[in-house]
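Q: the sequence isn't on hand, but the structure is:
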């Protein structure tokens, strides 16, 4: 197992991917036991930020876990205790734990919801507060594709008085020195650093399906959607914009490998990666299992439940940590295609071959 070989193989693969046109811009960061093994970029600058879609859900979950670690929140606190309006229609039993596990039962959005609506925080939170639950909280699992960020973000705002973007900066990214590299809403002053997404539109959810009810046509992500300045600069915490270096450093800190920054205890780290939910995904329509606010999924397929935790995004971005190997990995890209995770899978396989 060789760190030097890993770096050179990733470099060669990035040359191949961009040279062939399979990718346009790529960033890859690999940190092992706190040591940067790979920090590579092609078709973009080292300071470029990439829209990363749902990869940001792992960052949002991490903010909540850090606040629980600090005693500001509790997993079993009821959302309605801090956000009374949310208790409507029998949702009073929903807890922060249910939110993190996608078992809260409110994945749906009105059919006409638009990208512009997502930029209106108060409107989105009011819609979610008044939503009829799809199931009794905690009894089923269903991916909260768009509602997750507002549900978690408003719960945190009501409990702490601070927006989730402020909490991210104060408690996570500033202590790690990456405050300008990991965002929900990008500060307007940094908008020029965001890579433009390119590529064909992905397949749309089947009309009338559970996924279509959770993600109406107006909010299905594609390159045009991801390039909208008003979306990029708004807090939509189910999505986000970041650099590979920045988010890999967040996951390295969650592993306990960043000197001087203790985001979570060793016991909580173990809890984050443990399997918390197993069963049918009522939104996506297939069986799955989830860790505590994260996916077990590693792009190469080598993630071990109980060791790997992170998230992937619709455009093929990915960021995750692996406890067994001490590795934190992030892949950012701006070629929005339906098989985008193929790139992350190939990169991750090299990392597995050399470092795991």
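A: That came through fine. Here the structure is a predicted model, which is why all the values come from computation and not from measurement.
Q: show residues contacting the lengthiest helix in the chain.
A: In the chain, assigned by DSSP state H, the helix with the most residues is helix 3-20. For helix 3-20, contacts defined as Cβ atoms under 8 Å, 6 or more residues apart in numbering pick out 22-26, 28, 30, 32, 35, 37-38, 40-43, 343, 346-347, 350-351, 353-355. The C-beta positions use only the backbone N, C-alpha and C, and glycine is treated the same way.
Q: tell me which residues of it are tucked away?
A: By neighbour count on 16 or more other Cβ atoms under 10 Å, the buried set for helix 3-20 is 6-7, 9-10, 13-14, 17-18.
Q: equivalent analysis for stretch 268-283, please.
A: Taking 16+ other Cβ under 10 Å as the criterion, stretch 268-283 shows 269, 272-273, 276-277, 281-283 as buried.
Q: residue 231 reaches residue 120, doesn't it?
A: No. With contact defined as Cβ atoms under 8 Å, residue 231 does not reach residue 120; the gap is 11.4 Å.
Q: separation between residue 355 and residue 5?
A: 10 Å (Cβ to Cβ, to the nearest Å).
Q: how about the helices of the stretch 201-350 of the chain, start to end?
A: Using DSSP state H, counting those that start in this stretch, the helices of the stretch 201-350 of the chain run over residues 210-214, 223-226, 229-232, 244-254, 266-273, 341-355.
Q: pLDDT on the last one, on average?
A: Read it as helix 341-355. Across helix 341-355, pLDDT averages out at 92.
Q: neighbouring contacts of it?
A: Counting by Cβ under 8 Å, 6+ apart, 1-3, 5-6, 9-10, 13, 17, 22-23, 26, 28, 30, 32, 37-38, 298-302, 312, 316-318, 325, 327, 329, 331, 333, 335 sit against helix 341-355.
Q: make a PyMOL selection of whichever of those residues turn out to be buried.
A: Remark: buried members of the contacts of helix 341-355, expressed as a PyMOL selection using 16+ other Cβ under 10 Å:
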select buried, resi 6+9+10+13+17+22+23+26+28+30+32+37+38+298+299+300+302+312+316+317+318+325+327+329+331+333+335
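Q: narrow the contacts of helix 341-355 to those in strands?
A: Using DSSP state E to define strands, the subset of the contacts of helix 341-355 located there is 26, 28, 30, 32, 37-38, 312, 318, 327, 329, 331, 333.
Q: from these, which is closest to residue 154?
A: residue 312 (24.6 Å; Cβ to Cβ).
Q: check the closest one and give its pLDDT.
A: 95.
Q: for it, give its distance to residue 53.
A: Taken as Cβ to Cβ, the span from residue 312 to residue 53 is 8 Å.
Q: low pLDDT regions in this structure?
A: Residues of the chain meeting the criterion pLDDT under 70: 1, 338.
Q: got the phi and psi for the closest residue to residue 195 other than its chain neighbours?
A: Spatial nearest neighbour of residue 195, chain neighbours left out: residue 334 (4.3 Å); criterion: Cβ to Cβ, 6 or more residues apart in numbering. Torsion angles at residue 334 (phi, psi; degrees, to the nearest 10) stand at phi -130, psi 20.
Q: how much space between the nearest residue to residue 276 once chain neighbours are set aside and residue 221?
A: Spatial nearest neighbour of residue 276, excluding adjacent residues (Cβ to Cβ, 6+ apart): residue 292 at 4.8 Å. Separation of residue 292 from residue 221 (Cβ to Cβ) stands at 25 Å.
Q: with residue 302 instead?
A: 27 Å.
Q: kindly report the same for residue 245.
A: 23 Å.
Q: residues contacting residue 38?
A: Contacts of residue 38 by Cβ under 8 Å, 6+ apart are 6-7, 10, 28-30, 351.
Q: just flag the most distant two among those.
A: 6 and 29 (12.2 Å).
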